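Trainee: Pasting a predicted model and its sequence here:
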Amino acid sequence: MSSPLRNPRQLITVLIAGVSGLIVLLDFVGAGPAVSAIAVVLVRWAALVTAVAVAIGVLSVFFVHLRRARSRSAEAGYSLVLLAGMIVVIVAGIFYPTRTATGLSLPTTLADPPIRTVFRLIYEPLAASLLALLSFFALSAMLRAMRSGRIEAVFVVAVALIALIIQLPPLTLVPIIGQTVQWVNDYLVAAGARGLLLGSAIGALVAGVRLLIGFDMPYVDR
């Protein structure tokens with residue numbers, strides 16, 4: 001990676017990104033009304049740029065798959081399904097009017113009835129299907145791990161099976177087993193989850209600092 005000091009364009013980009021990120025960070029910790037006003041403007045600019053980028057990306061995906069569907073290629077069917085899903089979600093989330101106490105109104109949030117209905121009828125069944133496939137994938141991974149014969153794999157699979165079995169409804173009704181499962185969830189599982197969250201937070205902090213000081217520059221077109 002070339003040093004930003006040797007490339008004026010990269011240096012200006014790093015300074016803009018670093019100063020903007022530092023102002024938003026200072027506003028997050030409460031640096032005063034002046035910093036807060038500048039940070040609000042920067043966040044609004046970022047939201048506007050993000051919205052324009054998303055719109056350009058949606059149009060690009062739309063025209064690419066429309067061209068593929070017109071060419072009647074082998075993957076034209078998948079492109080038609082994607083285009084239909086895109087149009088349904090956009091219309092339901094933005095342009096489909098709903099009747100309210102004051103008359104017809106367009107959706108304003110994802111909790112409004114049109115887009116919520118689409119999520120309930122389409123997204124939730126798809127998510128359930130993916131979770132069902134994930135269970136078969138986990139079973140296949142477990143069988144491969146057992147077939148390898150490694151002590152670590154056998155131990156992990158045995159612990160996972162015990163954890164699944166003792167959480168079955170008939171067993172959780174037994175006082176000792178139910179209390180043991182509750183203790184494991186309250187202490188061991190919670191400790192592991194907090195450790196993962198702390199690790200993720202530290203990783204995000206390190207990544208943010210590297211972005212601010214210019215070590216990582218994903219925003220620079222190389």
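Mentor: Arrived safely, thanks for sending.
Trainee: Residue 27: neighbouring residues, count only.
Mentor: Taking other Cβ atoms under 10 Å as the criterion, the count of residues near residue 27 is 20. Every residue, glycine included, has its C-beta placed from N, CA and C.
Trainee: Show me where the chain has its strands.
Mentor: Counting by DSSP state E, the chain has strands at residues 98-100, 103-105.
Trainee: can you tell which of those strands is closest to residue 163?
Mentor: Closest to residue 163 of the strands of the chain is strand 98-100 (Cβ to Cβ; 44.9 Å).
Trainee: what residues does the closest one touch?
Mentor: Strand 98-100 has contacts (Cβ atoms under 8 Å, 6 or more residues apart in numbering) with 104-107, 112-114.
Trainee: if we go to 10 Å?
Mentor: Under the criterion Cβ atoms under 10 Å, 6 or more residues apart in numbering, residues 104-108, 112-114 lie in contact with strand 98-100.
Trainee: Can you name every helix or strand that the lengthiest helix in the chain contacts?
Mentor: In the chain, with assignment by DSSP state H, the single longest helix is helix 33-70. With contacts taken as 3 or more Cβ pairs under 10 Å, 6 or more residues apart in numbering; DSSP states H and E, helix 33-70 sits against helix 8-28, helix 76-90.
Trainee: For residue 36, which non-adjacent residue is closest in space?
Mentor: Leaving aside its chain neighbours, residue 36 sits nearest to residue 27 (5.0 Å; criterion: Cβ to Cβ, 6 or more residues apart in numbering).
Trainee: From residue 63, how far off is residue 86?
Mentor: 12 Å (Cβ to Cβ, to the nearest Å).
Trainee: who touches both of the two?
Mentor: Counting by Cβ under 10 Å, 6+ apart, residue 86 and residue 63 have no contacts in common.
Trainee: higher neighbour count, those two?
Mentor: A direct count of neighbours by other Cβ under 10 Å for residue 86 and residue 63 places residue 86 higher, at 14 against 10.
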